[in-house]
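Chemist: Predicted model and sequence below, questions to follow.
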There are 2 protein chains.
Amino acid sequence: MAEALTGEAILAATEEVLRRYGPAKATVVDVAKALGVSHGSVYRHFPTKAALREAVTRRWLDAIHVEMESVLDENASAADNLRAWLQHLFDKKRRSHTEEPELFATFRVLVSESCTIPEYHIEHLVGQVARIISAGVETQEFVTDDVRRTAQAVWDATDMFHHPAHAAEWGNPHIQTAFDAVVSLVIAGLRYNRMPSAAGDA
Amino acid sequence: MAEALTGEAILAATEEVLRRYGPAKATVVDVAKALGVSHGSVYRHFPTKAALREAVTRRWLDAIHVEMESVLDENASAADNLRAWLQHLFDKKRRSHTEEPELFATFRVLVSESCTIPEYHIEHLVGQVARIISAGVETQEFVTDDVRRTAQAVWDATDMFHHPAHAAEWGNPHIQTAFDAVVSLVIAGLRYNRMPSAAGDA
DNA sequence: GGGCTGACATATATTGAAATCTGTCAGTCC
DNA sequence: GGACTGACAGATTTCAATATATGTCAGCCC
């Protein structure tokens, strides 16, 4: 008897199948075939095809989250940290789009289906931005009265450079110039930003 | 004999047909039928269906351009002007998306086909932003060493609130809060922004 | 017993033939 | 003579059939 069929093995095989065929063509039967089992076995570990796809994407995103954590430099200024972090994320997404288009397309499908995965991804990354900003507020490099909300604003303002809907523009030769301009503007804003009061504000 | 068939009459009929059927279903034959002529006549005025669609969209966008011009208030501060202008544009696009979904969808199609129309639209509106920023620099309310590039950065940073790819999010109840946060951050940035040197900079 | 199989019902995707649409143009009619 | 028509060729879309995929489950095998 071969090794027991684990969820992890299924995820690895699914990622491989997605890489090869893309989200439109990959089937559960393909995954089972790659593992040498019947497709019924796959359903013992994942209730639906959608759940399987989401689990693979989540694993992929988690790896990105870990990588992004490692970009932060405690000795750098908050502005430098934020710029480097945003640049790294942009490069990462751009490379992913060109070098593993099928996995990227899978993520794109999940975004358009508005499942909870992209929400989870955004929440995590905005959390990292919030930590960078928070450190900047600590050293009085940045000014803000609502770190979380400002972090979300930084995320939204740089949307073009991480939202998959804009991936087609990432090949444009001027995109790096546009990125630099937006990031500079945002960082300048962080040096002296006060949020307008939201409904129910203190 | 009826009135001579003019380009303007064809555009009006096409807009009506697009409103009714949307870009996916509207045909040149429908337009001709609405005008009581054969579809061959339409081709006497517009070389292709795409050209016709673009002409209608251009007319629609031009009306928006004119309306946006009228939002500017010479007595207000540059910051207030910019905020009001961005808010007006956002409201306009949002209303267009819900109240004339088929025309909005037509614009969306042109954007995804990357014809020159959206480029023209963006160039015009970024020009208006540049004028607001320029006035702000004049009064020393804003600081920037490249008005045009900064205007483009403001446009890019607020992308979420005017790019049709994000239209689905415009119904979200928190979207106004997100808008306010981004605009505040951008305006704060304009008060003390210096662009990084681009290649070939002075 | 518990993980696996494989046949099954239902849902989704593919296919190819028929219908419709786009774009052209010789000819009509004022 | 010049704006319009309507028949036409080729491209595209539609629709119904057929095929493939998803998800279930009774039964098999270690």
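Modeler: Great, that's in hand.
Chemist: Could you use CA atoms for every contact and neighbour count after this?
Modeler: Noted.
Chemist: what residue lies at the spatial centre of chain A?
Modeler: Centroid-nearest residue in chain A: A:H121, 5.1 Å away (criterion: CA atoms, centre = their mean).
Chemist: Let me see the mean pLDDT of stretch A:4-24.
Modeler: Mean pLDDT, stretch A:4-24: 94.
Chemist: thinking again about what came up before, work out for me the element the residue nearest to the centre of chain A sits within.
Modeler: Assessed by DSSP states H and E, A:H121 sits inside helix A:116-138.
Chemist: Who are the contact partners of the residue lying closest to A:A181 once chain neighbours are set aside?
Modeler: The shortest distance from A:A181 to any residue other than its chain neighbours is 5.5 Å, reached at B:A153 (CA to CA, 6 or more residues apart in numbering or on different chains). Contacts for B:A153 were tallied using CA atoms under 8 Å, 6 or more residues apart in numbering or on different chains; they are A:178, A:181-182, A:185.
Chemist: how about B:A153, secondary structure?
Modeler: What DSSP: H, G, I helix; E, B strand; the rest coil gives for B:A153 is helix.
Chemist: Tell me the one among the contacts of B:A153 nearest to B:K92.
Modeler: Using CA to CA, A:V182 comes nearest to B:K92 of the contacts of B:A153, at 23.9 Å.
Chemist: separation between the closest one and A:A130?
Modeler: Distance, A:V182 to A:A130, by CA to CA, to the nearest Å: 18 Å.
Chemist: do the same with A:E169
Modeler: 27 Å.
Chemist: ok, now which ones touch A:H97?
Modeler: Contacts of A:H97 (CA under 8 Å, 6+ apart): A:104-105, A:167.
Chemist: so can I have a markdown table of those residues showing distance to B:T57, neighbour count and secondary structure?
Modeler: Output for the contacts of A:H97, formatted as a markdown table (distance: CA to CA, whole Å; neighbours: other CA atoms under 10 Å in any protein chain shown; DSSP: H, G, I helix; E, B strand; the rest coil):
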| residue | distance to B:T57 | neighbour count | secondary structure |
| --- | --- | --- | --- |
| A:F104 | 32 | 24 | helix |
| A:A105 | 30 | 19 | helix |
| A:A167 | 25 | 18 | helix |
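Chemist: what would those look like in a markdown table with distance to A:V71 and pLDDT?
Modeler: Shown next, in a markdown table, are the contacts of A:H97 (distance: CA to CA, whole Å; pLDDT from 0 to 100):
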| residue | distance to A:V71 | pLDDT |
| --- | --- | --- |
| A:F104 | 22 | 97 |
| A:A105 | 25 | 96 |
| A:A167 | 22 | 97 |
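Chemist: So which bits of chain A are right by chain B?
Modeler: Within chain A, the positions adjacent to chain B are A:149-150, A:152-154, A:156-160, A:165, A:177-178, A:180-182, A:184-196, A:198 by CA under 8 Å from any CA of the partner chain.
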